[in-house]
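*Asks:* Structure for this input, please:
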Amino acid sequence: MDYTYNITEEKDCKRIIDIEIPKNKVDEKFDEVFRMLKKEAKIPGFRPGKAPMSVVKSRFGNDARSEVGETLIQDAFQEIIKEAKLSPIAPPVLSEVDFKDGEPIKFTASIEVAPDVKLDKIDGFTIKKPSEVITDADAEMAYSSILEMYASLEPSDEPAVEGNHLTVDMEKISDPDNRMKESEFKDFSVELSRETSLPSFIDALVGTKAGDEREVTVDYPADYAEKSLAGSTLKFKVRVTAVKKRVPPELNDEFFKKFGEELKSVDELKAKIKSDLEMRRKKEIQEDIREQAIKSVIFHNQFEMPQSLLESYLDDVVEDFRKQQKGQKIDEAELRQKYRAVGIRMIRWNILMYEIAELKGIKVEKDDIDKWIDTFADRYNITVDQARRMLEQSKKVQDVRETVLEAKVMSYILDNSEIVDA
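*Replies:* So this is what the prediction gives:
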């Protein structure tokens, strides 16, 4: 090889390559570039290819230098990673480029390479299966939630009780640290519920009627969602303008049809609720078992992970949030920190999944893809051709292949592990 180089291994799959391109190779490349320029360049006063080399060098020296540097650096890098059997996962970052006239070219290339994964344990795990039992009490609770969801709010002349909804006008009368910018709130809605409202409001407003006024001192907890108010104490004058109570829906045919054309009674609705809960529970259990298997595989097969993969994932997360928020300000640093662990888990599993598939000869065949598309078409009540066109137009065919591969790898892991009742 015409180049001299030294490779330094650093953590997280990073490699630092110090490279020197010898002077004779640099000179040869300059001669080649200038000969090409002399042949092709159009220089006023000279016929094509007849200009003296001194004129060509004077006129195109900077262009030749750029061409020589870019070409030799790229060629050197490619030959070295091939000889060293490195597999970069992203373009190199070049630094400390030393390119002086009449001397060798020296530069440093920083790269991240594919991780060296050694599979230690990919099966034989003990996985705990949660209970599938859905009790009548579970179904009754869900039924109550549905009645609550479809209840209407109607005016009440009775003193407010927990569970009522109040409409109030509020005026801030004490805010020592100026934590809250607004001073007045008109038609502010307060639900007298311990799950949604601060205790201070509930304690002060229970027993009130429309027209009543109260002073409310609010101690905002240190972990309050609105950070500007967390840990502060503010006082408000509150005037109740309306009290509303929840009225359960009328249990008639129109109500039952919201949940299925065949439903005619409360018992039938409760039976359907329980059936739906059982189906959902089975899906939750499948997902729980899958997650346990993934965590076990990751735990038993550690490897250095390229940070560029994680940063690329977090870049995509931030970009997705920007599109969703449509120009609204987002806290990028907080977002990246929040999704960091998710990204690490996803990337590690994805790499391990492919390694397991290769080790065990697990492949995705055409029949596997066809079966998946058939199921997709049935689920959305469309033809197979429509499903295939939809996937091709949205460029999701590769995603389907990865989904099928993951399912086959997961089947291997679970078939060769012990699943016990929790």
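*Asks:* Mind listing what's buried along stretch 13-28?
*Replies:* 13-15, 17, 19-21, 25-26 (16 or more other C-beta atoms under 10 Å). In short, each C-beta sits where N, CA and C put it, glycine included.
*Asks:* Specify which member of the residues you listed is nearest to residue 288.
*Replies:* Each of these was scored against residue 288 by C-beta to C-beta, and residue 13 proved nearest at 31.8 Å.
*Asks:* For the closest one, give me its contacts.
*Replies:* Residues counted as contacts of residue 13 (C-beta atoms under 8 Å, 6 or more residues apart in numbering) are 89, 112-115, 304-306.
*Asks:* Grab the most central residue of this structure for me.
*Replies:* With distances taken as C-alpha atoms, centre = their mean, residue 317 lies nearest the centre of the chain, 4.7 Å away.
*Asks:* that older thread, of all the contacts of residue 13, which comes closest to residue 296?
*Replies:* residue 305 (17.8 Å).
*Asks:* Now the residue nearest to the centre of the chain: which helix or strand?
*Replies:* Assigned by DSSP states H and E, residue 317 belongs to helix 307-325.
*Asks:* on contacts alone, who are the packing partners of the longest helix along the chain?
*Replies:* Counting by DSSP state H, the longest helix found in the chain is helix 266-300. Packing partners of helix 266-300 (3 or more C-beta pairs under 8 Å, 6 or more residues apart in numbering; DSSP states H and E): strand 126-129, helix 136-149, helix 332-360, helix 397-415.
*Asks:* Save the ones you listed as JSON lines, and put in mean pLDDT and mean neighbour count too.
*Replies:* Shown next, in JSON lines, are the helices and strands packed on helix 266-300 (pLDDT from 0 to 100; neighbours: other C-beta atoms under 10 Å):
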{"stretch": "strand 126-129", "mean pLDDT": "96", "mean neighbour count": "14"}
{"stretch": "helix 136-149", "mean pLDDT": "93", "mean neighbour count": "13"}
{"stretch": "helix 332-360", "mean pLDDT": "95", "mean neighbour count": "15"}
{"stretch": "helix 397-415", "mean pLDDT": "94", "mean neighbour count": "15"}
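*Asks:* Which one of the ones you listed lies nearest to residue 239?
*Replies:* The nearest among the helices and strands packed on helix 266-300, by C-beta to C-beta, is helix 136-149 at 27.8 Å.
*Asks:* quick check: angle from that closest one to helix 266-300?
*Replies:* Angle, helix 136-149 to helix 266-300, by axes from the mean of the first three to the mean of the last three C-alpha atoms, to 10 degrees: 110 degrees.
*Asks:* Show me what helix 136-149 is packed against.
*Replies:* helix 266-300.
*Asks:* Show me how far the helix it packs on is from its chain's centre.
*Replies:* 23 Å (C-alpha atoms, centre = their mean, to the nearest Å).
*Asks:* in the stretch 51-200 of the chain, which ranges drop under the pLDDT threshold?
*Replies:* 56 (pLDDT under 70).
*Asks:* Sketch out the helices for it, chain order is fine.
*Replies:* 53-83, 136-149, 199-205 (DSSP state H, counting those that start in this stretch).
*Asks:* what's the shortest one packed up against?
*Replies:* The elements that helix 199-205 packs onto, with contact taken as 3+ C-beta pairs under 8 Å, 6+ apart, are strand 213-219, strand 233-247.
*Asks:* I'd like these as CSV, with mean pLDDT, mean neighbour count and distance to residue 137 appended.
*Replies:* Shown next, in CSV, are the helices and strands packed on helix 199-205 (pLDDT from 0 to 100; neighbours: other C-beta atoms under 10 Å; distance: least, C-beta to C-beta, whole Å):
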stretch, mean pLDDT, mean neighbour count, distance to residue 137
strand 213-219, 92, 14, 36
strand 233-247, 94, 17, 22
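*Asks:* Dump those into JSON lines; add distance to residue 412 as well.
*Replies:* Putting these into JSON lines (distance: least, C-beta to C-beta, whole Å) gives the following:
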{"stretch": "strand 213-219", "distance to residue 412": "55"}
{"stretch": "strand 233-247", "distance to residue 412": "52"}
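*Asks:* for the ones you listed, which one sits closest to residue 375?
*Replies:* strand 233-247 (41.7 Å).
*Asks:* on contacts alone, who are the packing partners of the closest one?
*Replies:* Short answer (3+ C-beta pairs under 8 Å, 6+ apart): strand 233-247 packs on strand 152-155, strand 165-174, helix 199-205, strand 213-219.
*Asks:* I'd like to know which of these is closest to residue 44.
*Replies:* strand 165-174 (79.1 Å).
*Asks:* Please work out which residues outside that closest one touch it.
*Replies:* 153, 160, 180, 182-192, 205, 208, 215, 217, 234-246.
*Asks:* just stretch 235-242 next, same as before
*Replies:* Under C-beta under 8 Å, 6+ apart, the answer for stretch 235-242 is 155, 160, 166-175, 187, 201, 204-205, 208-218.
*Asks:* Any of these buried? List them.
*Replies:* The neighbour-count test (16+ other C-beta under 10 Å) marks 160, 166-168, 170, 172, 175, 201, 204-205, 208, 210, 212, 214, 216, 218 as buried among those.
*Asks:* So for the closest residue to residue 194 other than its chain neighbours, what pLDDT did the model give?
*Replies:* Residue nearest to residue 194 in three dimensions, not counting chain neighbours: residue 202, with 6.7 Å by C-beta to C-beta, 6 or more residues apart in numbering. At residue 202, the model reports a pLDDT of 92.
*Asks:* what's near enough to touch residue 202?
*Replies:* 162, 192-194.
*Asks:* Using TSV, lay out these together with neighbour count.
*Replies:* Listed next are the contacts of residue 202 as TSV, based on neighbours: other C-beta atoms under 10 Å:
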residue	neighbour count
162	12
192	20
193	12
194	10
